[in-house]
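Colleague: Show me how the following folds:
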Amino acid sequence: MKTPLFLSTCLLLASCNTPSTKTLTLPEGLSTIDATAPIACQFEKKLTGSDKPQSTSWYFWRENQRTESRDEVSNQGEIWERNKNGQVSYTRLFYKDRIALESTPGDLAAAQNAIPWEQLTSLIDTGKLGKELILKSKDSINKTTIEYYEGSINGVTTEVAWLPAIKLPARIVKKRPDQSYTLTLAKCGNQAKQALPQISQFELENFRHLDYTDLGDMENDPTVRHIQQLIGGHQQHG
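Modeller: I've put the predicted structure just below:
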């Protein structure tokens with residue numbers, strides 16, 4: 001399976017010459033958020049080091065047993081859901097094409113793309129906090145505690161400004177010699193209004209639903225060929 005959009009935007013970050021996580025301003029209202037209730041957040045994503053620096057908004061919704069995200073520029077999104085047995089399924093959304101590309105728990109396991117649920121709900125691998133990422137300092141802004149971590153993950157220098165109360169980052173910075181990536185929290189709340197809405201059940205039901213494992217048998221379908229190009233390759237079948 002190709003790298004999901006969520007991974008490419010949140011987990012495989014790269015950064016250099018970016019502002020320190022300690023020079024950030026928090027959005028208002030963080031101290032009033034109920035972390036056990038549904039949360040809606042907007043992040044600002046910046047990628048530099050290429051010919052055309054990229055800047056976009058990235059939206060994230062977290063509910064009990066479900067997360068959803070949407071990228072403003074690509075107009076793609078993701079849904080991760082966990083069932084009562086703890087099994088996780090994944091749906092990649094292509095809004096322009098109105099396609100929902102679905103992967104079952106078995107598909108994810110076969111492709112070795114199983115991701116800890118805590119990582120999906122927190123945008124980072126929290127198991128690395130205090131280990132690969134060392135706690136450097138703590139601060140409090142507007143009654144909100146921030147923990148600053150620094151370290152290296154897979155050879156990539158990483159900084160995280162962590163909000164333990166809501167279990168989300170205020171900023172993630174990762175550094176490579178030739179590229180930079182920063183993800184910064186711009187807005188977050190239990191009732192936050194977003195520029196892009198969370199997908200409704202009605203809208204999702206009106207998408208064309210495809211199984212990821214069936215793509216290789218549908219290469220004569222022009223829409224499927226387009227989706228394969230977007231995800232970067234072809235599904236093998238045999």
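Colleague: what about the helices in this protein?
Modeller: For the chain, applying DSSP state H gives helices covering 5-6, 105-110, 117-122, 201-205, 222-231.
Colleague: I'd like these laid out as a markdown table, including mean pLDDT, distance to Glu72 and mean neighbour count.
Modeller: From N, CA and C alone the C-beta is placed, and that goes for glycine too. Compiled in a markdown table, the helices of the chain are given as follows (pLDDT from 0 to 100; distance: least, Cβ to Cβ, whole Å; neighbours: other Cβ atoms under 10 Å):
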| stretch | mean pLDDT | distance to Glu72 | mean neighbour count |
| --- | --- | --- | --- |
| helix 5-6 | 46 | 12 | 24 |
| helix 105-110 | 88 | 26 | 15 |
| helix 117-122 | 95 | 20 | 18 |
| helix 201-205 | 96 | 17 | 10 |
| helix 222-231 | 83 | 16 | 15 |
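Colleague: Take the ones you listed and lay them out in CSV including distance to Gly29.
Modeller: Formatted as CSV, these follow (distance: least, Cβ to Cβ, whole Å):
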stretch, distance to Gly29
helix 5-6, 25
helix 105-110, 35
helix 117-122, 19
helix 201-205, 28
helix 222-231, 36
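Colleague: what stretches of this structure score poorly on pLDDT?
Modeller: For the chain, residues meeting the criterion pLDDT under 70 lie at 1-23, 50, 192, 233-238.
Colleague: quick revisit: now for the helices of the chain, which one comes closest to Asn64?
Modeller: helix 117-122 (9.7 Å; Cβ to Cβ).
Colleague: Tell me how far the closest one lies from the chain's centre.
Modeller: 9 Å (Cα atoms, centre = their mean, to the nearest Å).
Colleague: For Thr67, find the nearest of the helices of the chain.
Modeller: That would be helix 117-122 among those, by Cβ to Cβ, at 5.4 Å.
Colleague: elements contacting the closest one?
Modeller: For helix 117-122, there is no helix or strand it packs on, judged by 3 or more Cβ pairs under 8 Å, 6 or more residues apart in numbering; DSSP states H and E.
Colleague: Only the C-alpha atoms, please, for that helix, written as PDB.
Modeller: The C-alpha coordinates for helix 117-122 follow below in PDB (Å, rounded to 0.1, in the frame of the first residue of the first chain):
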ATOM      1  CA  TRP A 117      -4.400   4.200  17.400                       C
ATOM      2  CA  GLU A 118      -2.800   6.700  19.800                       C
ATOM      3  CA  GLN A 119      -0.600   7.900  16.900                       C
ATOM      4  CA  LEU A 120      -3.600   8.400  14.700                       C
ATOM      5  CA  THR A 121      -5.400  10.400  17.300                       C
ATOM      6  CA  SER A 122      -2.400  12.500  18.400                       C
END
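Colleague: Perfect, that will be all.
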